[in-house]
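**Student:** here is the input, now give the coordinates:
(one chain, ligands or ions: 1)
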Amino acid sequence: MWENLDFSKVVDYARDPYGSIRAWKEATGKKVVGSTLADVPEEVIYAFDVLPVTLLGTHKPLKKAPSLLPDNACSLARSNLELALSYEKDLFDGFVLPQVCDTTQHMCDIWRINFPDRYVESILLPRQVNRDSARYWVREETERLIQSLSDWTGKTIGVDDLKRSIAIHNENKRLLNELYEMKRRHPGVLTNKQLFALLKLSMQVDKKELNETLRKIKGALGGTEGEEKGGYTPVILTGITCDPLEIFDLFDEIKLNIVADTLVTGTRNLQGIVDGDKEPIEAITERHFRRGFFSPIHDDVFKNVETLKDLYSRYGAKAIVYVHIEFCESEEYDVPDLKVAMKKEGIPFHELVTEYQTLSLSHVRTRLNAFFESLQGASR
Ligand code: SF4
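**Tutor:** Okay, here's the model as predicted:
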């Protein structure tokens, strides 16, 4: 299904992967489990021969979610619930849901009540990773998830199953990292949209199959010099997700090259490589401490600022673009402080506001063009 895709298919599937997941499910007879962002150990779900799918919203109208979540709940949370309730209700056999912010705190209960006939499991990972008890807790939660999946599927998995799954997931991240590096150095070889479509699709479909596509793309691009950096403006992208995919067309149109990002659906996912030589549960636990817990509620308020400053100077970027999901309360706390900090550092900073049910990007295009025109004008 996903092993031999050209870029037009990659973009089509990344925009709406659910038709292909449905066809895959019918062909394989396997189960599909959806998870919201972030940090659900998908290697564990995959080891049970179940497809883990990261839920990344729908652009279709909201019908049922508004009666379950208030209007000021974030656009992603409402959109994900709608996706599962209305548009793909028979696709998912179950859900594993993490808590990352106030909005998601009681979300698992809402899903449990609304999907009484499905498997619904929560996973609660610690935010304060420097406590002694945190490591114990992550391991316990991972083992609890394994037991829960085992009870549901009636299967038992061993070390070899986990290692096989980890190897597939690691290879996926390595291949994507290599493609990212190629594009960073030679922006002409891949568009922003193509790269971020691959990143998104990798979180939603069978990685074993998609890895074949990634290997073929890498082979086809290998040795391609592509256009050099000339004519492209290097930028850093930050936020949680960047949706719809057509936002990347706007970047491509004015020759912005995204050289680094901090998106949960971008580089943060690629940082999740697990040590394949270690005992698997220990290795999955260790990742949590190496990468840190995803939460837009920060323990260290300066970490965001320092990370962005570092990426900006390391990659010689000319600006930082922040993608703000409408009504993401946590981002709404961050943005004013980030703006002030970037201004103080003399780093050009632009905020885009997105909403899952709005596909019109004319306001985003106008503001993005104006920002980069003024930036070019200032540097002349
Ligand atoms: S972090 Fe923001 S976008 Fe993610 S679920 Fe919470 S409020 Fe929504």
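**Student:** what residues does the stretch 51-200 of the chain put near the ligand?
**Tutor:** 74, 76-77, 100-101, 103-104 (CB under 6 Å from any ligand atom). All C-beta atoms are positioned from the backbone trio N, CA, C, and that covers glycine.
**Student:** which ones among these map onto helices?
**Tutor:** 76-77, 103-104 (DSSP state H).
**Student:** quick check, nearest of these to Asp261?
**Tutor:** Leu76 (17.1 Å; CB to CB).
**Student:** same list, the residues of the stretch 51-200 of the chain next to the ligand, but as TSV with pLDDT please.
**Tutor:** Formatted as TSV, these follow (pLDDT from 0 to 100):
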residue	pLDDT
Cys74	90
Leu76	93
Ala77	94
Val100	87
Cys101	84
Thr103	84
Thr104	86
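**Student:** any chance of the residues you listed in a markdown table, with neighbour count too?
**Tutor:** Output for these, formatted as a markdown table (neighbours: other CB atoms under 10 Å):
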| residue | neighbour count |
| --- | --- |
| Cys74 | 25 |
| Leu76 | 25 |
| Ala77 | 24 |
| Val100 | 24 |
| Cys101 | 20 |
| Thr103 | 21 |
| Thr104 | 22 |
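**Student:** and for the closest residue to the ligand within the stretch 251-380 of the chain, nearest residue in space, chain neighbours not counted?
**Tutor:** At 3.2 Å from the ligand, Cys328 is the closest residue in the stretch 251-380 of the chain, using CB to the nearest ligand atom. The spatially closest residue to Cys328, leaving aside those adjacent along the chain, is Cys74, at 4.5 Å (CB to CB, 6 or more residues apart in numbering).
**Student:** kindly report the same for Lys255.
**Tutor:** Leaving aside its sequence neighbours, Lys255 sits nearest to Tyr232 (CB to CB, 6+ apart; 5.0 Å).
**Student:** so who does that neighbour touch?
**Tutor:** Tyr232 sits next to 187, 255-257 when contact means CB atoms under 8 Å, 6 or more residues apart in numbering.
**Student:** I figured Glu331 hits Thr238, correct?
**Tutor:** No: contact status for Glu331 versus Thr238: not in contact, 10.0 Å apart, counting by CB atoms under 8 Å.
**Student:** neighbour count winner among these two?
**Tutor:** Thr238 (26 against 22; other CB atoms under 10 Å).
**Student:** now the helix or strand hosting that one - C-alpha only, PDB.
**Tutor:** Assessed by DSSP states H and E, Thr238 sits inside strand 233-239. C-alpha atoms of strand 233-239 as PDB (Å, rounded to 0.1, in the frame of the first residue of the first chain):
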ATOM      1  CA  THR A 233      16.000  32.000   2.500                       C
ATOM      2  CA  PRO A 234      16.700  29.600   5.400                       C
ATOM      3  CA  VAL A 235      14.100  29.600   8.100                       C
ATOM      4  CA  ILE A 236      13.200  27.800  11.300                       C
ATOM      5  CA  LEU A 237       9.700  26.400  11.800                       C
ATOM      6  CA  THR A 238       8.300  26.100  15.400                       C
ATOM      7  CA  GLY A 239       5.100  25.000  17.000                       C
END
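**Student:** and it with the ligand, contact?
**Tutor:** No: using CB under 6 Å from any ligand atom, strand 233-239 stays clear of the ligand, with a minimum separation of 9.2 Å.
**Student:** same question for the helix or strand hosting Leu368, mean pLDDT?
**Tutor:** Following DSSP H and E, one finds Leu368 within helix 362-379. For helix 362-379, the mean pLDDT works out to 87.
**Student:** likewise stretch 205-218?
**Tutor:** Stretch 205-218 carries an average pLDDT of 98.
**Student:** now for the residue of the stretch 251-380 of the chain closest to the ligand: which residues touch it?
**Tutor:** Contact analysis of Cys328 by CB under 8 Å, 6+ apart lists 74-76, 101, 103, 240, 296.
**Student:** all strands for the stretch 101-250 of the chain, in order.
**Tutor:** Ranges of strands within the stretch 101-250 of the chain are 119-123, 233-239, based on DSSP state E, counting those that start in this stretch.
**Student:** most packed of those?
**Tutor:** Highest mean neighbour count among the strands of the stretch 101-250 of the chain (mean count of other CB atoms under 10 Å): strand 233-239, with a mean of 23.
**Student:** so what strands line up beside that one?
**Tutor:** Here strand 233-239 has these sheet partners by DSSP bridges: strand 256-261 (parallel), strand 319-325 (parallel).
**Student:** list phi and psi for Lys89.
**Tutor:** phi -70, psi -30 (degrees, to the nearest 10).
**Student:** that older thread, okay if I get the strands of the stretch 101-250 of the chain as JSON lines plus mean pLDDT?
**Tutor:** Shown next, in JSON lines, are those (pLDDT from 0 to 100):
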{"stretch": "strand 119-123", "mean pLDDT": "95"}
{"stretch": "strand 233-239", "mean pLDDT": "96"}
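**Student:** select, out of those, the one closest to Pro66.
**Tutor:** Here strand 119-123 is closest among the strands of the stretch 101-250 of the chain (CB to CB), at 21.1 Å.
**Student:** what comes into contact with the closest one?
**Tutor:** For strand 119-123, using CB under 8 Å, 6+ apart, the contacting residues are 33, 39-41, 93-99, 108, 111-112, 141, 145, 148-149, 152.
**Student:** again, only this time at 10 Å
**Tutor:** Strand 119-123 has contacts (CB atoms under 10 Å, 6 or more residues apart in numbering) with 31, 33, 35, 39-41, 44-45, 50, 92-99, 104, 107-114, 138, 141-142, 144-145, 148-149, 151-153.
**Student:** buried ones only from these, please, as a ChimeraX command.
**Tutor:** Applying 16 or more other CB atoms under 10 Å to the contacts of strand 119-123 leaves a buried subset, and the ChimeraX line that selects it is:
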select :31,33,35,39,40,41,44,45,50,92,93,94,95,96,97,98,99,104,107,108,110,111,114,138,141,142,145,148,149,152,153
